[in-house]
Each structure stands twice: as structure tokens, then as C-alpha cells.
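Colleague: quick one: sequence and predicted model below, then my questions.
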Amino acid sequence: MNNLNASPPDSQLLSALQCHGVRWQGADGLTRKGGAGPSDHKALTLGEHTAMVPMLNQASQSSPYSAVPDASGAQALIFREGLQVGQVQLPGIPNFYALNTEDGTPYWKIATLHSKDVLATTVLQHCIRMNEAATACQFCAIGHSLAAGKTIARKRPAQLAQVAKAAVELDGVKHMVMTTGTPLTSDRGAAILCESAAAVTAAVDLPIQAQCEPPDDDAWFMRLKDSGVVSLGMHLESVTDAVRQRIMPGKAQVPLERYFSAFEAAVNVFGRGQVSTYILAGLGDSEEAIVQMSERLARAGVYPFVVPFVPIDGTPLAHHPKPDSAFMQRLYPRIGASLRKHGLHSDNINAGCAKCGACSALKHHE
Ligand code: SF4
């Protein structure tokens, strides 16, 4: 192995924590429970690296790792089977969380801090696929945080602009992720992302990544760009047809080839490396299948953001086995090789999950 591929010990520990989860031995504090995509996390910083680590789900309760916070709540010691293996920093509660809109909605119900400098929101906390077992993505908890009163169903453009401005001014947030549940419209959510991005861009200088399914018409990519979106995520989640059908039967109706035609059109608008896709490893796709798909994506200028799957409480996959950390450690350097070969790097991404990188250890293998 050459030095380019060598993984520093901090990132190895964070990667293991991400796969196994951690038993948290303190008060809840700043967490991400429920919501769209990977969830039930807390942000931990070790050295220069910040990672979102699953802690709030049942699956993490069988982890060999535990975290014991100190009295200040700013640091925690990490133990593996009783032996201390690390010490991590915990981000404080952001200042903008203390604010409310004029109608009394707390800012933290409109957008939340992810990792240490990303503002994230789910513009529409509802999805056409979420209520039917025949269509729902089995890993997703988009309805849970709404049911728990931790968010609001629809974030209005003016609310997003207000919160984004405060998050930049009070907490130094550097970029923003705007995702959405898929509405029953052929644009697949692109229209509400456009109006939301336009409002934020008019209020504050903050690079925005939008995330949606491929819309019916590729003209939406230019509309998103014109609204201030600088990076786009369209998420495959799984890469083989059998796993797509089993894990996300509704979304699997959108053929992989439609994703690739949308990727091509989006790369033409946003540029190589500014389009990305989430791939959840550990749901049944083989190492080879993920590596081959990542190579195909990277060749097309799409950043394959491969993350370990997190079994989220209350979802059909709550008891699905966690990904094996050895599996992830084999995957990361192979995907890193594709990224280098095709000149993609998270530092060059304007905004979004792959730039943040906290849900994966891929960043350390670029
Ligand atoms: S990678 Fe995306 S989902 Fe994960 S913490 Fe960063 S912004 Fe949030």
C-alpha cells in the first residue's frame, strides 16, 4: 500500500465508530434523530476529522464502543470493551437554535446543523412513497421527525432565508444542503427547491446543494442553477436492480438509465464533480458492484458518495445487520482510486454532502 492510500488512525477509528455505532453514556444534547437519509447520529470530532456517528438507534446498543462525555459536554472519551481508545470533541449547540420566527417556530425545526459547518433542511417533510410498504424506501425515516414534533412539514422560502442568514452570521455555517421528500409532481421537488434556493440566495451568500430525484425535464437543472444552486445530488442509494427492488421498491421504478441520463444533463449544467449521488453500502450490493458503479459514476463526472448504511429505529431495516467495517475499509480505497483517476475531489465540490463528508470515511481515501 502506498502513502496515498494509507488511512490515518483517527479516520480509521471514526470509520469503525460509524459502522458499529457507539453506546452514548450521557444526555442526548445535539443530535440528529429521524429525518431523511442516514440519521440517528451525533457529530464527533477527532483531530481534524468530524464524523456523524450513529448512537441513538437500537443497533448501536450492541456496539463494542461506548462514549462517556465529560461534565462540560464538550468532550467525550471513547472506550472499546472497557479500554480507552480515543477522545473526541462534541460541537456545541449552535447559536441560531435559540431563535424563533415571528409565528413562534424555532429555527431548529426549519434547518439543523450537520457536522460542524453545514446547514441542512428537508424542504418538504413528506414523500409520495413513504406511506406504502410497496413503495417506501425501507431505510428512510423522513416521517419520524415530523411525527415527533422535531420539524415542520413544509419549510417556506422566507423561513429558510431567515434561518440561513442567522446560521451564517451567528455560527459561521459554510454551505447548505436542501433535500426534499418527493412530491406528487413531475418535477420531483425541483420546483420547491428552486423557490427555496432563490430565497436563501437573495438573503445570504451561502453555497447550496439541492437533492432530489431526477425530474421529468432536464431543463430543471438550469432552473436550479439560476436559483442559486451550485451542486446537485441525485441519490441512487443502491446500485443493483435486485437490491433496489427489495430496499426501495418505489424509487426503483425510476430506471438506472434515467439516473444516468439525468447525471449527464446535470454535469453539463453544474460541471464535473458538482453532481453527486449517495450509495448506501451494507444493504446487499457486493463490493464489486459498488466499486464498478462508483467507477462508472466517477467517469461520468459524478461523485459517488459511498456511506455505511445506518439501521434507523422505526424503519423496516431497524434490525438489518450493520455494515462490516472491514467491508467499508476495503471499499474506500478502491473508490478513492476511481476518484483520483477521474480528477474528482470533495474539496472541489461547492456544497453538499460529499463536500461535508461526515457520513462516510471516503474523504480520507481521496
Ligand atoms: S454528509 Fe450530508 S447528511 Fe451527512 S452530515 Fe454531512 S451534510 Fe449531513
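Modeller: Cool, got the structure.

Colleague: CA atoms only: put stretch 88-103 into CSV for me.
Modeller: What follows is stretch 88-103 as a C-alpha-only set of coordinates in CSV (Å, rounded to 0.1, in the frame of the first residue of the first chain):
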residue,chain,number,x,y,z
VAL,A,88,-13.5,13.2,20.8
GLN,A,89,-14.8,16.8,20.7
LEU,A,90,-18.6,17.4,20.5
PRO,A,91,-19.8,20.6,18.8
GLY,A,92,-21.8,23.0,21.0
ILE,A,93,-25.4,23.9,20.4
PRO,A,94,-25.5,26.4,17.6
ASN,A,95,-26.5,30.0,18.5
PHE,A,96,-29.2,30.1,15.8
TYR,A,97,-31.1,27.2,17.6
ALA,A,98,-32.2,29.8,20.2
LEU,A,99,-34.1,31.9,17.7
ASN,A,100,-37.8,31.7,16.7
THR,A,101,-39.7,33.0,13.7
GLU,A,102,-42.4,35.6,14.3
ASP,A,103,-45.0,32.8,14.4
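
Colleague: residues in contact with it?
Modeller: 29-30, 42-46, 50, 67, 69, 73-76, 78, 106-108, 110, 113, 116, 159, 162-163, 166-167, 170-171 (C-beta atoms under 8 Å, 6 or more residues apart in numbering). Where C-beta positions appear, they are placed from N, C-alpha and C, glycine not excepted.

Colleague: buried members of these into PyMOL, please.
Modeller: Of those, the buried ones go into a single PyMOL selection, burial set by 16 or more other C-beta atoms under 10 Å:
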select buried, resi 30+42+43+44+45+46+50+67+69+76+78+106+107+108+110+113+116+159+162+163+166+167+171
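
Colleague: now intersect the contacts of stretch 88-103 with the helices, please.
Modeller: Secondary structure from DSSP state H places 159, 162-163, 166-167, 170-171 of those in helices.

Colleague: JSON lines for those, including pLDDT and distance to residue 289?
Modeller: Listed next are the ones in helices among the contacts of stretch 88-103 as JSON lines, based on pLDDT from 0 to 100; distance: C-beta to C-beta, whole Å:
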{"residue": "159", "pLDDT": "97", "distance to residue 289": "41"}
{"residue": "162", "pLDDT": "98", "distance to residue 289": "44"}
{"residue": "163", "pLDDT": "98", "distance to residue 289": "39"}
{"residue": "166", "pLDDT": "98", "distance to residue 289": "43"}
{"residue": "167", "pLDDT": "98", "distance to residue 289": "38"}
{"residue": "170", "pLDDT": "98", "distance to residue 289": "44"}
{"residue": "171", "pLDDT": "97", "distance to residue 289": "40"}
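
Colleague: looking at these, which one is closest to residue 183?
Modeller: Set against residue 183, the nearest of these by C-beta to C-beta is residue 159 (17.8 Å).

Colleague: for that closest one, which non-adjacent residue is closest in space?
Modeller: Among residues not flanking residue 159 along the chain, residue 110 sits closest, at 5.0 Å (C-beta to C-beta, 6 or more residues apart in numbering).

Colleague: just residue 225 next, same as before
Modeller: Among residues not flanking residue 225 along the chain, residue 269 sits closest, at 5.5 Å (C-beta to C-beta, 6+ apart).

Colleague: picking that back up, would JSON lines of the ones in helices among the contacts of stretch 88-103 with distance to the ligand be doable?
Modeller: Output for those, formatted as JSON lines (distance: C-beta to the nearest ligand atom, whole Å):
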{"residue": "159", "distance to the ligand": "19"}
{"residue": "162", "distance to the ligand": "20"}
{"residue": "163", "distance to the ligand": "16"}
{"residue": "166", "distance to the ligand": "18"}
{"residue": "167", "distance to the ligand": "13"}
{"residue": "170", "distance to the ligand": "19"}
{"residue": "171", "distance to the ligand": "15"}
